[in-house]
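J.: the sequence and its predicted three-dimensional model are supplied below.
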Amino acid sequence: MNDFAAARGSRGVRASNQLRLVPFALAAALAAAPLAALADGTVTLGRTADADRYDPHRSSALAAAEVLQMIGDTLVTLSPDQKTVLPELAESWEMSEDGLTYTFHLKEGVTFCDGKPFTAADVVGTMDRWLAPDAPNVSTWRAGEVDEITAQDDLTVVYKLKVPSSNLLYQMANFNFIMIDPDQAEALGDNFGVTAFNGTGPFCLESWSPRDQVVLKRHDGYTWGAPELGNPGPAKVDTVIWKIIPEEATLVATIPAGEIDASYSVPSWALAQFEADPTVQLLRPEASFRTHYIGMKTSRPAMDDIKVRQAIAHAIDQDAMAEGLWFGVVNPTVSYFSDKVLDYPADTDTSAFTFDPGKTAELLTDAGYEKAADGFWQKDGTPLTLTYYGFNETLSRGMAEAVQGDLRKVGIQVDVENYDSTAIWGKLREDTYDLYEMSYPYLSAGDALNLYFHSGSIPSPNRMMWNDPETDKLMEAGNAAITPEARAAAFEALTRHVHEAVLWKPLVEETPVVAAGPRLEAFEPAGMSGAVFDSGLNLSLK
Amino acid sequence: MTDLPAGEIPAGSSSRTWRRMRRNPAMAIGVTVLTAVVFFALIGPMISPYDPYDTALRMRLKPPSAAHWLGTDSQGRDLATRLMYGARTTLMLGLAGVAFAALTGGAIGLLAAFYKRLDNPLMRLIDVLLSFPSILFGLSLAAMMGPGLHSLILAIGLSIMPGIARISRGAALSVMAQDFMDGGRVIGLPDVTLMRRYLLANAYAPILTYVTLAFGDAVLLAAALGFLGLGLQPPTAELGSIAAEGRSFLFIAPHVSFAASALIFLIVLPVNMLGDTLRDAADRRAS
């Protein structure tokens, strides 16, 4: 499952599992009712989940991000390799020498969908709304410790921080930084992003029927996209329809038939089949980062011993999982985040994370455990039995059983408890389990490290309960660094440090794969935060 | 009049019922299939060479072969062995659920019939319970109490209990109208003796018939809860959860869901046939 939302509130609203599952087995095939005939210039995108609302300040769901990226813009965006910050609504920017003040110069001639010009006042209004204290807003940590944000003139914004934030520009590419129409947000209140959304994006929100579809129409005057990402605007198709098809198997059937033009909510087994299907194109972003891992809670008895954590890490076979659970469409990994991200040091010691079950017995013996007559390890008469929390969804259940099976083979018993997505976030805040399963997207080493390892993030998302002054010190140094060199040095040192501590067992790195039908022109999917269709500017029909 | 031996009252009727049942072909089919399934569930695990918990991901979703007669599941485990253990779990859940329901529902029905002042409160409570569809009721209970063997048995039991309570009350009321019940009261037999030796002894036939049919419902409910992920936690094999697991891979490995669903069918069908035979025989007796 997904920690994109975990740390900060709501996930997308998935069509209820119960309703999706009720018709036993074969009903899936029958449910593939033909969708409405496709109009010219209309691209239909399929997905399995809808968002709770389309408000960049109140939703952390990926389902919200993928629509918001099309109907709104951020000040800056990232290059396809996720390493360079590019202009979007901001034409250029400067940082002061102390790293505390950023001055953004906005592009001229940008308008909202309703024709209103976009100005510095809108940036200030957007940020004020997002960062308002006590508002039910999410992901505000991305904005850094803001002192104040002011409009110097119509096209100049001054963004002042209390402490430097070396990651700020990268974070600003995230969909939470999408610029809204503050007057509309004020007028609509709780209905903002539900009944209407006035943005500056290449598309405008036409209508939303929750859990059915979102219809977007082309924003005709749009010309301010980043040319480095392909088409700067206007969009090449006049309508984009995001269609919800809760049943994965049904979604799979609609793609070769051309009823759905593209989707990336396609299960691994279907991707393996599509490889051999000439009517389906499989498209992958240049760089996109998401890692699945098993977290270990260091506050628990037994788990506080690094030898036990190493023993567990060596016993789990991530290669077999990549092949068996993901049908080979992901890459097994030995690091907490991809070695391709910004600030990952090549000399990180990942030897603790290889599959080597032979070492488990040695490590557990060193830690004072002995094998009981039943074949399970114990210490002073107490068996080494671990509690594992996972999600009650197909892939997560498979991972739970695979981990349980691998650890059983080396003599460690695991009690699995799978919870629905509504219950698990609360359960994960408790100190009642030893292992948990999670996945998360990230942009850079700094982004990944900030999310998880600071003592201030205990008990969630620092569910490892990793309370380490050295970690906190390095992280603060990395965040406050003013030069790229100082930032890299701190984050690289921290990356090595947390890997040596063996806090997770990394499993696989997943890259989203877009399955596109015969009508769509091939394009390069975007990598950031999993919203692969990005602005929609590169969608075009053959 | 003072001499009222319990044995004389229901004499003969049950043996006639039994004779009628034996002549019914549905009975023979039901008994044969059910015996085979129970044999598969109880003896199978002893003779299978595979461990139902031994995962081998690289062997996942293999079609039936000489080594694995029904193929392997999504974790590479032998599906036939998983189904043997799964059938055992599902049968046990159905049996425990229906036993719980029969005890509580039977007791409520008899008490309501025997004590007039309890009738209204108890039956209104049952009406409330009956107003929920049993699958929805079981789902909410299982979701509220969290996963686990006990909560699952309770959820199944409570979902089918109201029906049993109703039938028991009806059966008990018709016995209550008989003269010998008044007779027993008159001679001062204690309530417990009256209820056990006279009321229950004469009302059990329709209750038993209903309980047999309810067993089929209990098995289906157990499988449905497992299918919806509210059943026992992994790696416990359970037919509903095996069917659900296979459903994700229906297009590439239909054997997993198909085999599990077929086995559920092979449990529920003979149970229902047996229940129907029992009911037919009892109905004819009544007419």
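T.: That came in fine, so what should we check first?
J.: shaky segments in the stretch 101-250 of chain B?
T.: The stretch 101-250 of chain B contains no residues with pLDDT under 70.
J.: quick check: residues of it near chain A?
T.: B:139, B:147, B:227-229, B:233-235, B:243-250 (Cβ under 8 Å from any Cβ of the partner chain). The C-beta positions use only the backbone N, C-alpha and C, and glycine is treated the same way.
J.: and the residue of the stretch 201-350 of chain A closest to chain B?
T.: Closest contact between the stretch 201-350 of chain A and chain B, by Cβ to the nearest Cβ, is at A:Gly324 (2.8 Å).
J.: how near is that residue to A:Val508?
T.: The gap separating A:Gly324 from A:Val508 is 11 Å, by Cβ to Cβ, to the nearest Å.
J.: ok, and the closest non-adjacent residue to B:Leu278?
T.: Distances taken as Cβ to Cβ, 6 or more residues apart in numbering or on different chains put B:Thr209 closest to B:Leu278, at 4.4 Å, once the chain neighbours are dropped.
J.: in the helix or strand where that neighbour lies, which residues are buried?
T.: When elements are assigned from DSSP states H and E, B:Thr209 belongs to helix B:201-227. By neighbour count on 16 or more other Cβ atoms under 10 Å in any protein chain shown, the buried set for helix B:201-227 is B:202-227.
J.: A:Asp98 and A:Ile482 touch, don't they?
T.: Yes: under the criterion of Cβ atoms under 8 Å, A:Asp98 makes contact with A:Ile482 at 7.1 Å.
J.: common neighbours of those two, please.
T.: With contacts taken as Cβ atoms under 8 Å, 6 or more residues apart in numbering or on different chains, the residues that reach both A:Asp98 and A:Ile482 are A:Pro164.
J.: between the two, who's got more neighbours?
T.: Applying other Cβ atoms under 10 Å in any protein chain shown to A:Asp98 and A:Ile482 shows that A:Ile482 carries more neighbours, namely 15 against 9.
J.: from A:Gln413, how far out is the residue nearest to the more buried one when sequence neighbours are not counted?
T.: Spatial nearest neighbour of A:Ile482, excluding adjacent residues (Cβ to Cβ, 6+ apart): A:Gly99 at 3.8 Å. The gap separating A:Gly99 from A:Gln413 is 51 Å, by Cβ to Cβ.
J.: ok, A:Glu437 next?
T.: From A:Glu437 to A:Gln413 the distance is 17 Å (Cβ to Cβ).
J.: neighbour-wise, which of these two wins?
T.: A:Glu437 (24 against 15).
J.: where does the more buried one land in three-state SS?
T.: strand (DSSP: H, G, I helix; E, B strand; the rest coil).
J.: and the strands in the stretch 51-200 of chain B, which stretches?
T.: Taking DSSP state E, counting those that start in this stretch, the stretch 51-200 of chain B contains no strands at all.
J.: show me what the residue nearest the centre of chain A is bridged to.
T.: In chain A, the residue lying closest to the centroid (Cα atoms, centre = their mean) is A:Pro441, at 3.5 Å. Beta bridges link A:Pro441 to A:Arg290 when assigned by DSSP bridges.
J.: just to revisit the earlier point, the residue nearest to B:Leu278 contacts B:Arg279, correct?
T.: Yes: using Cβ under 8 Å, B:Thr209 is in contact with B:Arg279, at 4.8 Å.
J.: ok, the spatially most central residue of chain B - contacts?
T.: Nearest residue to the geometric centre of chain B (Cα atoms, centre = their mean): B:Phe215, 1.8 Å. Neighbouring residues of B:Phe215 by Cβ under 8 Å, 6+ apart: B:94-95, B:98, B:271, B:275.
J.: who wins for neighbours among these?
T.: Of the contacts of B:Phe215, with other Cβ under 10 Å as the count, B:Val98 tops at 28 neighbours.
J.: does it touch B:Leu213 like I think?
T.: No: counting by Cβ under 8 Å, B:Val98 does not reach B:Leu213; the two are 9.8 Å apart.
J.: out of the contacts of B:Phe215, who's near chain A?
T.: Applying Cβ under 8 Å from any Cβ to the contacts of B:Phe215, none is adjacent to chain A.
J.: closest to chain A out of the residues you listed?
T.: Once Cβ to the nearest Cβ is applied, the member of those that ends up nearest chain A is B:Gly94, at 17.3 Å.
J.: measure the closest one to B:Ala223 for me?
T.: Counting by Cβ to Cβ - B:Gly94 and B:Ala223 are separated by 9 Å.
J.: cool, A:Ala361 as well?
T.: From A:Ala361 to B:Ala223 the distance is 40 Å (Cβ to Cβ).
J.: so B:Ala282 belongs to a helix, correct?
T.: Yes: according to three-state DSSP, the state of B:Ala282 is that of a helix.
J.: from chain A, how far off is it?
T.: According to Cβ to the nearest Cβ, to the nearest Å, B:Ala282 stands 32 Å off from chain A.
J.: surely that residue meets B:Ala203?
T.: No: if you go by Cβ under 8 Å, B:Ala282 and B:Ala203 don't touch, sitting 11.7 Å apart.
J.: report the mean per-residue pLDDT for the helix or strand harbouring B:Pro270.
T.: Secondary-structure assignment from DSSP H and E places B:Pro270 in helix B:254-286. Mean pLDDT, computed over helix B:254-286, is 87.
J.: can you give me the angle it makes with helix B:201-227?
T.: 170 degrees (axes from the mean of the first three to the mean of the last three Cα atoms, to 10 degrees).
J.: contacts only, for A:Met465.
T.: A:297-299, A:431, A:458-459.
J.: got the residue ranges for the helices in the stretch 101-250 of chain B?
T.: Applying DSSP state H, counting those that start in this stretch to the stretch 101-250 of chain B gives helices spanning B:116-130, B:134-145, B:149-176, B:179-186, B:191-193, B:201-227, B:239-247.
J.: centre of the chain to the fourth one, how far?
T.: A distance of 34 Å separates the centroid of the chain from that of helix B:179-186, by Cα atoms, centre = their mean, to the nearest Å.
J.: again, but for the fifth one
T.: Its chain's C-alpha centre lies 28 Å from the corresponding centre of helix B:191-193 when counted by Cα atoms, centre = their mean.
J.: got the residues of the stretch 201-350 of chain A near chain B?
T.: Contacts of the stretch 201-350 of chain A with chain B, taken as Cβ under 8 Å from any Cβ, map to A:248-249, A:252, A:267, A:269-270, A:273, A:317, A:320-321, A:323-325.
J.: restricted to strands, list those residues.
T.: Judged by DSSP state E, those include no members of strands.
J.: okay, these in CSV with distance to A:Arg496 and pLDDT next?
T.: As requested, these are arranged in CSV below (distance: Cβ to Cβ, whole Å; pLDDT from 0 to 100):
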residue, distance to A:Arg496, pLDDT
A:Glu248, 39, 83
A:Ala249, 44, 82
A:Val252, 42, 91
A:Pro267, 36, 89
A:Trp269, 37, 89
A:Ala270, 39, 91
A:Gln273, 41, 86
A:Asp317, 25, 97
A:Ala320, 28, 96
A:Met321, 26, 97
A:Glu323, 29, 94
A:Gly324, 31, 94
A:Leu325, 30, 94
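J.: want to throw those into TSV with distance to A:Glu66 and neighbour count?
T.: TSV is the format used below for those (distance: Cβ to Cβ, whole Å; neighbours: other Cβ atoms under 10 Å in any protein chain shown):
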residue	distance to A:Glu66	neighbour count
A:Glu248	17	20
A:Ala249	21	20
A:Val252	19	26
A:Pro267	18	22
A:Trp269	23	23
A:Ala270	19	23
A:Gln273	24	18
A:Asp317	33	24
A:Ala320	32	21
A:Met321	27	22
A:Glu323	29	17
A:Gly324	29	22
A:Leu325	24	26
